[in-house]
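> Below are the sequence and a predicted model; questions follow.
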Amino acid sequence: MKRLNCIELVLALASLIVATGRSGAAPVGTAFTYQGRLADGSNAANGQYELQFVLFDAGSGGNPVGPTNFIAPLAVSNGQFTVALDFGGLAFDGNARWLEIGLRTNGAARDFMTLRPRQLLTPTPYALYALSLAPRPGATGLYATVGGGTNNLASGEAATVGGGHQNTSSGPEASVGGGSGNKAGGGFSTVAGGRANDIRSGAHSAMIGGGEENTIQDAAAYATIAGGNNNSIGEEAEWATIGGGLNNSILFRSTRATIAGGSENDIGAFAPGAFVGGGYLNSIAFRTTNAFLGGGEQNRIEASAHHAAIVGGSFNTNCGTYSTIGGGSGNAIGSDSSFSTIAGGEGHRIAREAWNNTISGGEFNLIETQADDATISGGVQNAIGDSADAATIGGGDRNRIGSSADFATVGGGYSNMSSNQFDTVGGGALNTSSGQYATVGGGQNNSSSGWAATVGGGDWNESSGYHTTVAGGDENTSSGYDATVGGGSGNRSSGPMATVGGGSYNWSSSWASTVPGGYQNMAGGLCSFAAGRRAKAVHDGAFVWGDSTDADVTSTNTNSWTVRASGGVTFYTDTNLSSGAVLSAGSGSWSSLSDRAAKDGVQPLDGRAVLEQLARLPLSTWRYRAQAPGVRHVGPMAQDFHAAFGVGEDERHISSVDADGVALAAIQGLNEKVESGKRKAETRIEQLEKENVELKARLAALEQLLKPQIQK
């Protein structure tokens with residue numbers, strides 16, 4: 001930048017015509033022509049420059065008067081330049097004024113260089129001051145200005161009417177720019193234009209930008225109506241704003257309130273900081289601080305709903321402090337329902353005194369009175385009852401959580417009900433969870449009414465006891481505490497800790513009784529077990545198995561094992577099913593495996609030796625200690641049997657195979673002994689018969705000898 005170390009100033013006032021009182025005289029403006037000369041050292045300056053002119057009330061320091069004038073670009077030739085400056089009609093009031101000039105070369109990225117000293121203006125511009133004192137039509141206020149049009153009135157001190165028709169500027173330093181029938185009654189207030197706009201007295205620094213029949217009432221300082229028609233800001237509504245639109249109003253003492261636009265929106269009295277973005281027939285009621293209504297149609301934030309919000313939609317009502325309705329139609333949040341939210345949808349309602357609740361969407365969902373922290377995520381006609389804190393409905397249709405059912409949940413589905421604390425219905429249709437901590441996972445027409453009871457799914461199942469479970473199936477019932485039905489159809493588990501695994505029409509009715517499945521089985525005894533078909537374990541500890549026969553098989557006594565196996569019974573005692581015992585169909589005795597192919601280490605046995613050992617074996621009559629006193633048995637002791645024959649798995653048991661084998665061996669030994677005696681007897685008989693024949697012969701001979709003598 002060139003260093004300008006000398007400036008020569010020549011001041012002239014051009015085109016300044018002092019107004020007279022003559023009617024019809026044209027008014028003059030407030031601009032004047034300033035001429036100067038720039039020198040660069042001893043040479044005249046040439047080139048493009050940017051100039052800055054500031055008017056001050058002192059030669060140094062002081063305060064600026066009027067606006068700063070910027071001139072760019074300005075061509076300076078041979079040091080000469082001429083500019084038009086305008087500091088407004090109030091700049092020259094009879095006091096001295098100094099002009100401060102700054103300059104820089106055109107386009108330079110740096111601050112203006114201030115030329116010193118400031119230039120004291122000569123008296124010629126004070127013709128402007130004389131102009132302000134001259135009598136003019138309509139300018140009745142001291143230093144007032146009226147320009148253009150007819151029937152304008154500037155009655156306030158330093159008031160201005162720029163033009164137009166029948167405009168009035170009655171506040172000190174108030175201004176009406178133009179238009180028709182406008183009034184600026186507040187000090188420093190402005191009506192830019194339009195028709196029949198009115199700023200009342202006391203509305204300090206208020207502004208109406210334009211439009212028609214807009215009103216700012218008394219003492220609404222710093223209030224603004226940008227435009228529109230028939231908008232109104234009430235008394236003492238300081239800093240309130242209406243952006244435009246039709247028939248919008250902000251009432252008494254709603255300071256800092258705003259209506260951005262729209263039609264027939266209103267903010268009630270004592271609603272500081274309230275905001276309406278636009279829309280139609282929206283309202284924020286009185287005594288509602290910092291409420292927000294974004295737009296839409298016929299939405300309303302009720303009295304004392306401080307910091308409440310309605311973002312949009314139609315026919316929504318919000319009565320809760322810090323509560324929000326995002327949109328939708330016909331949604332409502334009740335009084336004292338603070339921090340609650342309806343995100344959207346239609347016809348939702350959060351009732352009074354229900355804090356921190358949320359309805360995310362859907363239609364006609366309801367959270368009732370005093371149900372704090374509750375949530376409905378969506379769906380249709382779902383409801384959470386009064387005082388059901390932290391309850392949740394995920395969605396679905398016509399689902400409900402009952403009164404005081406804290407932390408209850410319905411995930412979705414149709415017409416499900418969760419009515420006690422910590423209850424859960426996952427989904428399905430027409431399911432009910434009414435026992436505390438109870439659960440229905442899904443299915444339809446299921447009921448879980450016991451404490452911590454569970455129905456997993458299925459149809460028409462009921463879990464009504466303490467900790468009971470029905471996993472699924474249909475028409476099953478679990479009612480004994482800790483009882484279980486796994487599934488199937490028509491099963492009942494009514495005993496404590498009783499179990500029915502599945503099947504159909506089975507019943508487990510006693511403590512820890514079990515029916516694993518099958519058909520028409522009953523476990524009615526303590527710790528009893530019934531399985532198959534029509535097995536009836538009616539005694540404690542009884543085990544009953546029924547085959548496919550359509551007839552009952554029933555236990556006969558306590559702690560018994562009863563089996564109907566019309567096809568026989570087989571017990572295997574090894575993993576490859578090669579050893580065991582069989583009770584054949586229709587048989588009354590067991591058949592032990594004795595196949596030669598299954599045996600090893602076969603040795604011949606001396607039957608007579610076994611017989612002799614058996615003859616020496618002690619035999620007794622006795623009873624088992626665990627049996628009733630009247631029961632008796634006969635036989636050897638296992639220790640004596642093992643000592644005598646050395647067979648069996650140990651010396652505490654006698655295998656029936658070994659006992660039978662010893663008996664058979666002894667029979668063989670006895671038979672051999674009998675046969676040997678028989679052979680000896682036969683030999684003796686033959687000998688006796690021979691001797692008898694001989695004796696008979698001898699007798700006959702003797703009789704022949706004696707016969708003659710006998711005849712004599």
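It's in.
> hey, let's count contacts and neighbours off CA atoms from now on
Fine.
> Buried ones in stretch 60-69, by neighbour count?
64-66 (16 or more other C-alpha atoms under 10 Å).
> quick one: secondary structure of residue 669?
Of the three states, residue 669 takes helix under DSSP: H, G, I helix; E, B strand; the rest coil.
> Could you do residue 644 as well?
Assignment for residue 644 (three-state DSSP): helix.
> isn't it right next to residue 615, touching?
No: if you go by C-alpha atoms under 8 Å, residue 644 and residue 615 don't touch, sitting 10.5 Å apart.
> neighbour-wise, which of these two wins?
residue 644 (14 against 11; other C-alpha atoms under 10 Å).
> Nearest residue to that one in space, please, no chain neighbours.
Computed as C-alpha to C-alpha, 6 or more residues apart in numbering, the closest residue to residue 644 that is not its neighbour in sequence is residue 613, at 6.4 Å.
> which SS class is residue 675?
Classified using three-state DSSP, residue 675 is helix.
> and it, how many residues sit next to it?
Residue 675 has 12 neighbours, counted by other C-alpha under 10 Å.
> Look up the pLDDT of it for me, please.
pLDDT for residue 675: 82.
> Domains in this structure, by residue range?
What the record gives for the chain is the domain set 6-133, 296-412, 422-505, from automatic domain parsing.
> Going by mean pLDDT, which of the ones you listed comes out lowest?
Across the domains of the chain, domain 6-133 gives the lowest mean pLDDT, at a mean of 70.
> so which of the domains of the chain is the most packed in?
Ranked by mean neighbour count under mean count of other C-alpha atoms under 10 Å, the domains of the chain are led by domain 422-505, which reaches a mean of 28.
> looking at this, residue 685 is in a helix?
Yes: counting by three-state DSSP, residue 685 falls inside a helix.
> Quick check: the gap between it and residue 672.
To residue 672, residue 685 is 20 Å away according to C-alpha to C-alpha, to the nearest Å.
> I'd like the domains of the chain laid out as a markdown table, including distance to residue 185.
As requested, those are exported to a markdown table (distance: least, C-alpha to C-alpha, whole Å):
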| stretch | distance to residue 185 |
| --- | --- |
| domain 6-133 | 19 |
| domain 296-412 | 32 |
| domain 422-505 | 66 |
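> returning to what we had before: for residue 375, state which of the buried residues of stretch 60-69 is nearest.
The closest of those to residue 375 turns out to be residue 66 (C-alpha to C-alpha; 60.6 Å).
> tell me the contacts of that closest one?
55, 87-88, 90-91 (C-alpha atoms under 8 Å, 6 or more residues apart in numbering).
> Restricted to helices, list these.
Of the contacts of residue 66, none are assigned to helices by DSSP state H.
> For those residues, which two are the farthest from each other?
Largest pairwise distance in the contacts of residue 66, by C-alpha to C-alpha, is 11.9 Å, between 55 and 90.
> Confirm that the residue nearest to residue 644 sits in a strand.
No: assessed with three-state DSSP, residue 613 is helix; it does not lie in a strand.
> roughly how far apart are it and residue 636?
Separation of residue 613 from residue 636 (C-alpha to C-alpha) stands at 12 Å.
> Compare those two and say which is more crowded by neighbours.
Neighbour count, other C-alpha under 10 Å: between residue 613 and residue 636, residue 636 has more, with 18 against 15.
> Distance check, that one against residue 387.
Separation of residue 636 from residue 387 (C-alpha to C-alpha) stands at 79 Å.
> need the helices for the chain, in chain order.
Under DSSP H, the chain gives helices at 127-133, 607-616, 638-645, 656-711.
> Those helices: which one's closest to residue 567?
helix 656-711 (23.8 Å).
> if I read this right, residue 434 contacts residue 416, doesn't it?
No: look at residue 434 against residue 416 with C-alpha under 8 Å: they stay out of range, at 11.0 Å.
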